[in-house]
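Trainee: Below are the sequence and a predicted model for it; my questions follow.
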Amino acid sequence: MNWNQLLCSDRIRSFTKSTTSRDLRTEFEKDYHRIIGSAAFRRLQDKTQVFPLDKSDFIRTRLTHSLEVSSFAKSLGQNVGEKIIALNLDPDFKEKQKEDICAILQCAGLIHDIGNPPFGHFGETAIQNWFKNNLSGLKFKGKPVESYLNEQMKQDFYNFEGNTQALRVVSKLHFLVDEHGMNLTKALLSTIIKYPGSSLDINKKSGNIKTKKMGYLYAERDIFEDIQKSVGTENNRHPLTFLLEAADDIAYKTADIEDSIKKGCITYKQLLEELKTNKSYESKDGVFRKLVEILEHKYEKAVLNDVERPDIYAVQNWIISIQGQMLFAASDSFINNYSSIMEGSYCFDLFHSTEEEDMMEALGDIAYRYAFTSMPIFKLEIAADTIFNFLLDRFVEAVINYDTDEKMSVVGSRVMALISDDYRRIYKIFSKEKTEEEKLYLRLILATDYLSGMTDSFAKDLYQELNGIQ
């Protein structure tokens, strides 16, 4: 892979660039403005990061998380870009390329979660489970729906994934000018494809991070191939994807601890005890122990200065130190593995085999045990499961006979009227001249498009309204 091709500024819908234009922005800078002006981006303010429907101003949403990832990703781009130039790792990589990767990563951070359904990752699981439990029982024209779908189509629903939906949102569903969505640059689109394979390529035991999940739906196979050909990744991860993933990991693993402290899921003393009993703490000269000592120092300083909540003060300031350490670690790892990343043979995340990896794993484990498995989260996930099951029951039943010669029920017609005009327009555009089988597949996607585009509050309110609760 080479940077000249990797930083492809072409778009799916091409246009002639005016030689007299006074717009001095690069194509990647234009992407930024397209994103922040979109409704899909604004909806992230009411989508769950960890704690659904939380009323506190301090707890993160998908929007605040995405802004943090965007900031970290740009910082990683600056660090890595400077080192590539300073070490002369690539004679074709100049200051212009550094500016471009920073702009791309900043945009990628903003949209990496734009396809996530309501109620966080549990929403993904709820959609997957609904199709696994119900697809075999659905019928169209007296035949099982499954008999119309090829294996990839079925696996798309069984492995529904927010990252995959993100590509669909920005390349189609954001209907502003036409069916090409935000029509972002191909370099940016390639960067957000974390898993460059279809639902048939998933292999969690391969040892290669790129086969952990799917990266595109059957419906976007042509777009995926176009992107791959243009940027020259040849079914490998775009190098910038590793930096985007690192930024995401840094953001959510540190933020989850901070939010858990604020929510009272874990106390400062419990956090400190967890860290000190970790086997990595035993190494007196290791990064892990030094970072724990910084946490203790922050707390002692807060007590000395008579801070009202020394526990929260200490953790918030410690998180900043952790983030800085992780940014340097990810940057160094990218440079140390530069050749294999550019060859497409690097199989791991950027924290693999680094001293910081143990701290990242510890933070994730602590957040999972104290926050993700807490009683409030359990209750909200049960409620979310009820909401998803009800809505999928109604919308999937309605879309099956939509746009066919089959008679729709009165209720089914009403349900279809609830779906966004833009989503239905996209279906009509991309179902033209398709086979009956693919049209049915696209109608099922129409249901998941609508549900995954909902905010937490909208999904809850719609469920209550359709059940006559309000």
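Mentor: Yep, that arrived.

Trainee: Every contact and neighbour count from this point should use C-alpha atoms.
Mentor: OK.

Trainee: Quick check, central residue of this structure?
Mentor: For the chain, the residue sitting closest to the mean C-alpha position, by CA atoms, centre = their mean, is residue 113 at 3.1 Å.

Trainee: Need the three-state assignment for it.
Mentor: Secondary structure assignment for residue 113 (DSSP: H, G, I helix; E, B strand; the rest coil): coil.

Trainee: Let me know how buried residue 43 is, in neighbour terms.
Mentor: 16 (other CA atoms under 10 Å).

Trainee: which residue sits closest to it, ignoring its sequence neighbours?
Mentor: With sequence-adjacent residues excluded and distances taken as CA to CA, 6 or more residues apart in numbering, residue 43 is closest to residue 455, at 6.3 Å.

Trainee: what do you get for residue 307?
Mentor: In this structure, residue 307 finds its nearest non-sequential neighbour in residue 313, 7.6 Å apart by CA to CA, 6+ apart.

Trainee: if I read this right, the residue nearest to the centre of the chain contacts residue 61, doesn't it?
Mentor: No: if you go by CA atoms under 8 Å, residue 113 and residue 61 don't touch, sitting 11.0 Å apart.

Trainee: Not including adjacent chain positions, what is the nearest residue to residue 153?
Mentor: Nearest to residue 153 is residue 218, by CA to CA, 6+ apart, at 6.2 Å.

Trainee: How many residues are close by the one you found?
Mentor: Counted with other CA under 10 Å, residues neighbouring residue 218 total 20.

Trainee: where's it relative to residue 170, distance?
Mentor: From residue 218 over to residue 170 the distance is 16 Å, taken as CA to CA, to the nearest Å.

Trainee: what does residue 445 give?
Mentor: Computed with CA to CA, the distance linking residue 445 and residue 170 is 15 Å.

Trainee: shouldn't residue 94 be in contact with residue 85?
Mentor: Yes: with contact defined as CA under 8 Å, residue 94 reaches residue 85; the gap is 6.4 Å.

Trainee: re earlier: and the residue nearest to residue 307, what helix or strand is that in?
Mentor: Element membership for residue 313 (DSSP states H and E) is helix 310-336.

Trainee: In that helix, which residues are buried?
Mentor: Buried residues in helix 310-336, defined by neighbour count with 16 or more other CA atoms under 10 Å: 310-316, 318-319, 322-323, 326-327, 329-335.

Trainee: and it, how far out from the chain's middle?
Mentor: Taking CA atoms, centre = their mean, to the nearest Å, the mean C-alpha location of helix 310-336 is offset from the chain mean by 21 Å.

Trainee: Could you do stretch 196-205 as well?
Mentor: When distances are taken as CA atoms, centre = their mean, stretch 196-205 is centred 17 Å away from the chain's centroid.

Trainee: Show residues contacting that stretch.
Mentor: Around stretch 196-205, the neighbours that count as contacts under CA atoms under 8 Å, 6 or more residues apart in numbering are 151-152, 155-156, 159, 210-218, 235-237.

Trainee: how about low-confidence regions in the stretch 101-250 of the chain?
Mentor: Counting by pLDDT under 70, the stretch 101-250 of the chain contains low-confidence residues at 177.

Trainee: Helices along that one, start to end?
Mentor: For the stretch 101-250 of the chain, the helices defined by DSSP state H, counting those that start in this stretch occupy 120-134, 151-158, 162-168, 186-192, 221-231, 239-263.

Trainee: ranking those helices by burial, who's on top?
Mentor: Highest mean neighbour count of the helices of the stretch 101-250 of the chain: helix 186-192, a mean of 27 (counted as mean count of other CA atoms under 10 Å).

Trainee: Output the contacting helices and strands for it.
Mentor: On a contact count with 3 or more CA pairs under 8 Å, 6 or more residues apart in numbering; DSSP states H and E, helix 186-192 meets helix 95-111, helix 162-168, helix 221-231, helix 239-263.

Trainee: quick one, which residue of the chain lies the farthest from its center?
Mentor: Here the centre of the chain is the reference, and by CA atoms, centre = their mean the most remote residue is residue 304, at 41.1 Å.

Trainee: Nearest residue to residue 463 in space, please, no chain neighbours.
Mentor: Closest residue in space to residue 463, ignoring its immediate chain neighbours: residue 387 at 6.0 Å, by CA to CA, 6+ apart.

Trainee: ugh, wrong one, I meant residue 220
Mentor: Of all residues not flanking residue 220 in the chain, residue 168 sits nearest, at 7.1 Å (CA to CA, 6+ apart).

Trainee: ditto for residue 412
Mentor: Computed as CA to CA, 6+ apart, the closest residue to residue 412 that is not its neighbour in sequence is residue 398, at 4.6 Å.

Trainee: re earlier: would you turn the helices and strands packed on helix 186-192 into a markdown table with distance to residue 289?
Mentor: Shown next, in a markdown table, are the helices and strands packed on helix 186-192 (distance: least, CA to CA, whole Å):
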| stretch | distance to residue 289 |
| --- | --- |
| helix 95-111 | 30 |
| helix 162-168 | 35 |
| helix 221-231 | 42 |
| helix 239-263 | 17 |
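
Trainee: For residue 11, find the nearest of these.
Mentor: Among the helices and strands packed on helix 186-192, the nearest to residue 11 by CA to CA is helix 221-231 (9.0 Å).

Trainee: Can you name the residues in contact with that closest one?
Mentor: 5-8, 12, 186-187, 189-190, 216, 234-235.

Trainee: pretty sure residue 144 is touching residue 137, no?
Mentor: Yes: using CA under 8 Å, residue 144 is in contact with residue 137, at 6.9 Å.

Trainee: the more surrounded of those two?
Mentor: Using other CA under 10 Å as the criterion, residue 144 and residue 137 rank with residue 144 on top: 14 against 11.

Trainee: Now do the same contact list for the more buried one.
Mentor: Applying CA under 8 Å, 6+ apart, we find residue 144 in contact with 136-138.

Trainee: For residue 268, state which of those is nearest.
Mentor: Taking CA to CA as the measure, residue 268 lies nearest residue 136 of the contacts of residue 144, at 48.7 Å.

Trainee: separation between that closest one and residue 160?
Mentor: For residue 136, the distance to residue 160 - CA to CA - is 16 Å.

Trainee: show me where the stretch 301-450 of the chain has helices.
Mentor: Ranges of helices in the stretch 301-450 of the chain, per DSSP H, counting those that start in this stretch, are 310-336, 338-343, 356-367, 375-401, 410-418, 421-431, 436-452.
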